[in-house]
Every structure is written in structure tokens, then in C-alpha cells.
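Colleague: Sharing a model prediction with you, sequence too.
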Amino acid sequence: MAKELLFEIGTEEIPASFIEPAVDELRQKLIEQMASGRISHGEPRTFATPRRLAVYFSAVAELSEDLSKEVIGPPVKVAFDPAGKPSRAAQKFAEGLGLTVEKLERFQTPKGEYLGARLLERGRPAHQVLTGALTEVIHSLKFPKSMRWGDVEQTFARPVHWILALFGSEVLPVVFADVSAARFTYGHRFLSPDRIELSGPSEYESSLLRAHVIADPDRRKAILLERLRAAAARARGNLIEDPALLDQVTELVELPNPVVGSFDESYLDLPPEVLVQEMKRHQRYFALADGSGKLMPKFIAVSNTTVRDEQVSIRGYERVLRARLADARFFFDEDRKAPLSERVEKLSRVVWQEKLGTYAEKVTRIERLATWLANAVGREQLLPVIRRATLLSKADLVTGMVGEFPELQGIMGREYAKSSGEDPHVALAIFEHYLPRWAGDALPTEDSGAIIGLADRFDTLCGIFAIGRAPTGAADPFGLRRACLAIIHLVLARHFRFSIAKAVESALGALEPKLVGMVGKPSEAAPAQVVLDFFRARLKALWSERYRPDLVEAVLSAGFDDIVSAQQRLEALSRLVSDPSFESLATAFKRVGNIVEKQAKDVPAGKVDAKRLKEASEVRLAQACSAVRAKIGDLAKADDYPGVLKEIISLRPSVDAFFDEVMVMTDQREVRENRVRLLQEVRGLFSQVADFSKIQAGS
């Protein structure tokens with residue numbers, strides 16, 4: 001038999017950012033507690049609003065499962081004396097289990113024969129186990145910040161006002177702080193403030209809905225989005241959708257009620273990003289755009305309740321936003337009183353990282369590395385734009401607007417560069433060097449911004465690794481993973497061909513004056529290999545989302561210094577694996593690799609000596625090798641990796657014949673070494689694409 005289980009914690013309004021992690025933790029910890037208590041159950045559902053965290057199970061067993069276990073006691077030779085009489089150790093062991101010595105059994109173990117017993121622990125009534133489990137869970141929930149209230153010792157995100165704990169129709173006696181569990185919950189604070197008594201868990205969601213609370217967050221979000229779009233349509237505009245803001249507002253309300261307000265059109269001459277940030281960050285308003293995508297002087301605010309006079313509510317929303325926009329106007333006008341270039345000097349007084357210096361020093365390093373990158377990728381003609389944009393790239397950090405809204409860095413740099421009369425390409429590069437800012441964000445439209453962005457991120461990666469602040473599994477305060485992924489996306493999107501290793505070396509070289517005074521040698525603080533290993537890990541994680549992980553590993557093992565080339569090799573290899581001949585090709589390569597790995601260390605360096613090729617099949621393999629080598633050089637330069645693989649595949653018959661007809665490990669040392677060198681050449685051809693030994697058979 002099974003019963004429903006419902007557990008709800010009712011509180012004062014919990015901060016929106018706390019809610020989703022908390023209800024996830026509540027669900028997971030309760031599942032763990034039920035597992036340890038041997039209680040079987042169905043899949044749980046979670047509910048969450050600003051005033052409640054809840055978990056519901058449609059089916060929970062009424063009894064925990066029986067547990068059969070073996071208990072091992074003393075060794076037999078200790079349990080009995082030479083006459084076979086039970087020793088004190090055997091008697092004590094039996095008494096501890098509530099048995100007589102005669103009821104004990106003998107068990108063979110790796111350590112010998114031991115005395116023991118088979119015990120059956122009967123299942124307990126689930127309500128007993130669940131009471132302890134729920135009590136443990138509510139006491140163990142963690143929040144970024146917790147508080148105490150009244151005279152209680154316990155802490156929670158916000159004061160707890162009620163606990164609902166129902167197992168079927170039975171109230172489980174859970175107690176937390178000064179609150180004991182009951183069978184009632186509460187609806188909307190204003191529209192349905194009276195308590196709601198439930199006879200069973202299945203009434204929960206529908207009862208709250210009648211009390212003006214949409215308890216399911218997914219349903220509430222869907223309704224909110226539907227109502228936002230409808231409100232936008234009534235205002236003859238289009239909702240500027242913002243998933244993060246939608247999630248946040250969903251957690252701020254129990255009954256979303258969007259209303260449309262407006263602001264003075266004169267504010268539309270501010271950059272649209274400024275208006276959107278003012279609406280979003282401070283007020284949690286949604287912005288609207290017209291059919292052409294231009295920002296409208298309107299917004300949608302979301303109330304947590306319906307009101308008698310909607311106009312009164314709207315006027316309140318408009319009044320608050322009016323003050324915010326006036327502040328934005330002030331910052332914008334004040335910032336433009338001085339050209340952006342005059343702010344560059346102030347960067348020498350702004351610390352980027354205490355061990356790595358100021359933003360002025362960082363800008364100097366970025367310019368040096370950006371110049372190197374521009375030359376490396378053949379964009380020397382862009383150097384005037386790159387150098388000017390780099391000089392101004394961080395100047396907006398000392399403006400009033402960015403001080404108020406750090407999210408607008410780069411955007412305000414672009415706007416202030418335009419108003420200062422800078423080249424439009426310089427202004428665009430200032431903005432685009434920050435792109436992409438997050439997963440799925442837009443990429444630069446011009447090479448100048450992309451190159452500056454690469455230089456900025458290489459400097460950050462190498463600098464932070466150099467001072468020993470590598471990210472951990474729990475924290476990445478400098479966003480190094482994001483920076484590394486951005487570099488990869490930029491390189492692939494712009495098709496930049498340069499050496500990652502040399503870029504890292506150049507970045508570390510620019511950092512050397514800072515590192516020498518700190519640790520003696522920069523290579524000791526952040527060896528290039530550590531940074532390259534970080535790149536490798538990011539590439540592996542990124543590409544393994546689209547390609548077979550063993551193919552990704554095979555390609556990366558053959559080198560990733562040129563990221564564009566590595567991706568092209570991976571794509572070509574991924575297409576090849578579906579070919580029926582691939583399995584035998586991989587097997588042949590692995591045979592080659594195994595011999596080379598075992599024998600090459602004992603073979604002096606040198607080339608294959610044609611005079612020592614005695615068997616016809618090894619002569620043919622050597623000739624085939626030379627022919628393939630001559631062809632794939634040009635194919636690789638043209639990035640024709642399908643063509644390279646096609647030529648490599650042509651080696652398979654010669655390789656197979658070689659292994660069928662030639663004894664590599666002959667007693668003649670010079671012949672043996674010559675054959676190993678021939679196999680080294682074969683492996684070298686394969687390794688231009690991938691390390692085939694990493695490919696798993698039958699994957």
C-alpha cells in the first residue's frame with residue numbers, strides 16, 4: 001500500500017534568488033533520507049513561491065523495506081575453546097544480538113572461519129521514518145543568508161510561519177523552531193489570507209489555485225509569459241523577452257498581474273541598453289519594442305495582486321521609474337562633458353588585480369598582445385583601429401554610468417566614443433571586444449573587436465593562473481572558464497589561424513615584469529603547459545557535446561595548437577567513422593602504435609634505410625608511405641582533411657600485408673630497428689589527423 005506525502009514550509013517572502021536552489025535541495029535531501037530509511041516512493045513534484053517551499057509525492061510506501069544482513073562476530077578459533085565450549089567472546093556476541101550461541105552460524109571469509117548470524121530487520125511504519133526524515137531535512141537546508149527571529153535558536157532564510165506535513169490524511173509531528181506541523185496552508189497574502197485546511201495532499205495545488213496562488217513555478221512562469229505577451233499586444237508593441245528576468249519575476253509573485261506603464265519619450269535619446277537596464281535591474285520591469293525593434297516609451301510591470309484601480313498602481317510604477325531615468329540622464333550628460341580619451345589616465349588609479357596591477361597596465365599588455373595577434377592572423381591593416389580602440393577599451397569603467405551599471409561596460413564606451421568623435425570602427429571595437437559575454441551571446445561582427453577581446457582574455461587567463469588563482473570545482477571568481485570558451489568561439493567564428501601556445505607565451509611575456517618581482521620566474525607561477533591543459537579541457541568538454549568523446553580525445557591528442565585545424569580534423573574523422581572500413585583501419589593503426597610504443601625507445605633516431613627492406617611487403621609499405629606523405633602535405637595546407645584521411649585509408653592494405661608477411665621482431669637488430677622506424681613513419685602519417693589508439697572499437 002502507498003500514500004501521498006506533502007511537505008510544505010511556509011515563510012515570510014524569501015528572496016527570489018534563494019528559492020530555486022532551496023526547493024531543489026529540499027527535494028534531493030528528502031529523496032536521500034527516504035533512501036536511507038528504505039522507503040520506496042514515486043517521482044516527486046516541487047512547488048515554490050515567495051512564501052512557500054513544498055515537495056509532493058503521489059505514492060510513498062506505508063512500510064520501509066525489510067533488511068536482511070549478515071553480522072560477523074569473533075573468529076571460530078576464538079569463539080570456542082579446544083573442547084568446543086563457547087568462550088566469553090562468543091557468549092557476549094550472541095547476547096548482543098539477542099540470540100543464544102547455538103543460533104549462531106559459521107561463515108567462511110578471506111580471513112578464515114568466523115562466527116556470525118543472519119538477521120532480518122523488519123520494516124518500520126513509514127510515518128515514523130518520515131517524521132525524522134522531514135525534521136532532519138528542514139533543519140539542514142542551507143541559504144546564502146539566514147536569519148533568526150523571536151527567541152528561537154534555529155535559522156532559516158526568512159521566519160517560518162507554518163509547516164504542512166501530511167502523509168495521507170495523517171499529520172506528521174514535525175517541529176521546527178516554534179512551529180509545529182499541521183494540516184493547513186495559506187493562500188495569497190491579500191486576496192485569500194485565511195488558512196486553508198486540507199484533508200489530504202492531493203487537494204494542495206487546486207486549493208491554492210482557488211486561493212489565488214499558482215504554486216507550480218513552471219506553470220506560473222508560463223502564465224506570466226502569456227500575460228506579458230498579451231499586455232504587450234494591448235500596448236501595440238512586442239515584449240523584449242528576457243529569460244533571466246522572467247525567472248526572477250516568477251519567483252517574486254504568487255499571482256502575476258502585468259500592467260502597462262509609460263515614460264517620457266524624451267528619454268528615448270538615451271542608449272536603449274541604459275533604459276532597459278534601468279527598468280530591469282532596479283524595478284524588474286519588462287521593456288517593449290515596436291515592429292521595427294525600436295524601444296518604445298512603455299514598460300510592463302508585474303504586480304503580485306489585482307487592484308481595484310489599476311491606474312493608481314501604474315502611476316506608482318511610473319513615478320519610481322521617472323526618478324531612475326532622471327538619474328540615468330544625469331550620468332549620461334555628465335559623462336559626455338569630457339571626451340572618452342581624457343578618462344584613460346584615470347585607469348592608472350583603478351586596480352584590476354592587486355598582484356597584476358592597474359587597468360592602465362592591463363591595457364598596455366592587451367595592446368602588445370593584440371598587435372601580435374593582428375600580425376599572426378594577417379590583419380596588420382587593422383592595427384590603427386586596434387591600437388586606438390585598445391587604448392580606450394576600459395575608459396568607460398571610470399564613468400558615472402558604468403559605476404552605477406557595471407553591466408553597461410563596453411556599451412557606454414561605444415556611445416561615449418561616438419559622442420567624442422572617434423572612428424565608428426573604433427567605437428564598435430570598444431563594445432565588441434567584450435563579446436561574447438555569456439553562453440549564446442552575440443559574437444563580434446568585425447575582426448578588430450575580436451582581436452582585442454582575444455588579447456584581453458589571454459591576459460586574464462595567463463595572469464590569474466600565474467598568481468595561482470586557478471578555478472576550482474566550486475568557484476571561478478575571475479570567469480576563467482567563460483574566458484577560455486569565449487576565446488575558442490571567437491577563433492572558430494572568425495576563422496583565425498594562429499598558435500595558441502605562442503599566444504600564451506606572448507601573454508606570459510607581457511606579464512613578466514609583474515611576475516618576476518612576485519615569484520622569481522613567471523614560468524614557475526604559471527607554466528604555459530598549465531594554461532594549455534586548461535584549453536584542452538575546455539575544448540574536450542565543448543566538443544564532446546557534439547561529437548563522440550573518444551574521437552575528441554583522439555584529435556586533441558594529435559594536437560590542438562591550431563584550433564580551427566583541430567575542429568576540421570574532428571569533423572572529418574566523425575564522418576569517417578561511419579565508413580565500414582574504419583574499424584579495420586583503426587585496428588591496423590593500433591597494431592602499429594602498440595609496437596612503436598614498446599620498441600621505439602630502444603631504437604636510435606634515424607630514417608628508414610631502403611637497403612635494409614628485405615621483404616616485398618615492407619618495400620611496398622615504404623613506397624606507399626612516401627606516396628601518401630607527398631600528397632597529404634598539400635591537402636593539409638588546404639584544410640582538406642577528408643582528403644588526408646582518404647589517402648591514409650589507402651595505406652591499410654599495405655599495413656595489413658606487412659603484418660601478415662613480416663616479422664618485425666627479428667633477431668637481426670638492424671633489420672628490426674629499420675622496421676620499427678618504418679612503423680614510426682606510418683604512425684606519423686596517421687597522427688597528423690588523430691591518435692587512433694584513443695578511438696574505442698565499436699563505439
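Modeller: Yes, it's here.

Colleague: Look at the residue lying closest to Lys418 once chain neighbours are set aside and report its pLDDT.
Modeller: Take Lys418 and drop its neighbours on the chain: the residue closest to it by Cβ to Cβ, 6 or more residues apart in numbering is Ala427, 4.9 Å away. Using the backbone N, CA and C atoms, a C-beta is placed for each residue, glycine as well. On the pLDDT scale, Ala427 is placed at 98.

Colleague: element containing Ala427, please.
Modeller: Per DSSP states H and E: Ala427 is located in helix 424-432.

Colleague: which stretches of the stretch 301-450 of the chain form helices?
Modeller: 310-335, 359-376, 383-392, 400-404, 411-419, 424-432, 447-466 (DSSP state H, counting those that start in this stretch).

Colleague: Make JSON lines out of these and add mean neighbour count and distance to Thr49.
Modeller: Formatted as JSON lines, those follow (neighbours: other Cβ atoms under 10 Å; distance: least, Cβ to Cβ, whole Å):
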{"stretch": "helix 310-335", "mean neighbour count": "15", "distance to Thr49": "21"}
{"stretch": "helix 359-376", "mean neighbour count": "21", "distance to Thr49": "43"}
{"stretch": "helix 383-392", "mean neighbour count": "22", "distance to Thr49": "47"}
{"stretch": "helix 400-404", "mean neighbour count": "19", "distance to Thr49": "31"}
{"stretch": "helix 411-419", "mean neighbour count": "24", "distance to Thr49": "35"}
{"stretch": "helix 424-432", "mean neighbour count": "23", "distance to Thr49": "39"}
{"stretch": "helix 447-466", "mean neighbour count": "26", "distance to Thr49": "40"}
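
Colleague: Distance to Val260 added to the ones you listed, as a markdown table?
Modeller: Output for the helices of the stretch 301-450 of the chain, formatted as a markdown table (distance: least, Cβ to Cβ, whole Å):
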| stretch | distance to Val260 |
| --- | --- |
| helix 310-335 | 7 |
| helix 359-376 | 42 |
| helix 383-392 | 39 |
| helix 400-404 | 26 |
| helix 411-419 | 26 |
| helix 424-432 | 31 |
| helix 447-466 | 37 |
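
Colleague: So for Leu679, which of these sits nearest?
Modeller: Of all these, helix 359-376 sits nearest to Leu679, with 35.7 Å by Cβ to Cβ.

Colleague: what does that closest one contact?
Modeller: Outside helix 359-376, the residues within contact range by Cβ atoms under 8 Å, 6 or more residues apart in numbering are 344-345, 347-348, 350-352, 356, 380, 382-383, 386-387, 390-391, 393-394, 397, 451-452, 454-456, 458-459, 496, 498-499, 502-503, 506-507, 510-511, 514.

Colleague: again, only this time at 7 Å
Modeller: With Cβ atoms under 7 Å, 6 or more residues apart in numbering as the test, helix 359-376 has contacts from 347-348, 350, 352, 380, 382-383, 386-387, 390-391, 393-394, 397, 451-452, 454-456, 458-459, 498, 503, 506-507, 510-511.

Colleague: Ile163: what's it in contact with?
Modeller: Counting by Cβ under 7 Å, 6+ apart, Ile163 touches 9-10, 174, 176, 179, 181.

Colleague: what helix or strand is it on?
Modeller: Assigned by DSSP H and E, Ile163 belongs to strand 160-167.

Colleague: Let me know the average pLDDT across that strand.
Modeller: Strand 160-167 comes out with an average pLDDT of 97.

Colleague: Dump that strand to CSV, keeping only the CA atoms.
Modeller: Taking C-alpha atoms only, strand 160-167 is exported to CSV below (Å, rounded to 0.1, in the frame of the first residue of the first chain):
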residue,chain,number,x,y,z
VAL,A,160,8.9,30.2,9.3
HIS,A,161,5.1,30.7,9.9
TRP,A,162,3.6,27.3,9.2
ILE,A,163,4.6,23.7,8.3
LEU,A,164,2.3,21.4,6.4
ALA,A,165,3.2,17.7,6.7
LEU,A,166,0.6,15.2,5.5
PHE,A,167,1.1,11.5,5.0
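
Colleague: Wasn't Arg629 part of a strand?
Modeller: No - remark: Arg629 does not belong to a strand; assigned using DSSP: H, G, I helix; E, B strand; the rest coil, it is helix.

Colleague: From Ile163, how far out is the most far-flung residue of the chain relative to its centre?
Modeller: Relative to the C-alpha centroid of the chain, counting by Cα atoms, centre = their mean, Ala83 is the outermost residue, at 67.9 Å. Computed with Cβ to Cβ, to the nearest Å, the distance linking Ala83 and Ile163 is 63 Å.

Colleague: just to revisit the earlier point, would TSV of the contacts of Ile163 with pLDDT, distance to Val592 and neighbour count be doable?
Modeller: Shown next, in TSV, are the contacts of Ile163 (pLDDT from 0 to 100; distance: Cβ to Cβ, whole Å; neighbours: other Cβ atoms under 10 Å):
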residue	pLDDT	distance to Val592	neighbour count
Ile9	98	64	29
Gly10	97	69	20
Val174	96	67	24
Phe176	96	67	19
Val179	95	72	19
Ala181	97	70	23
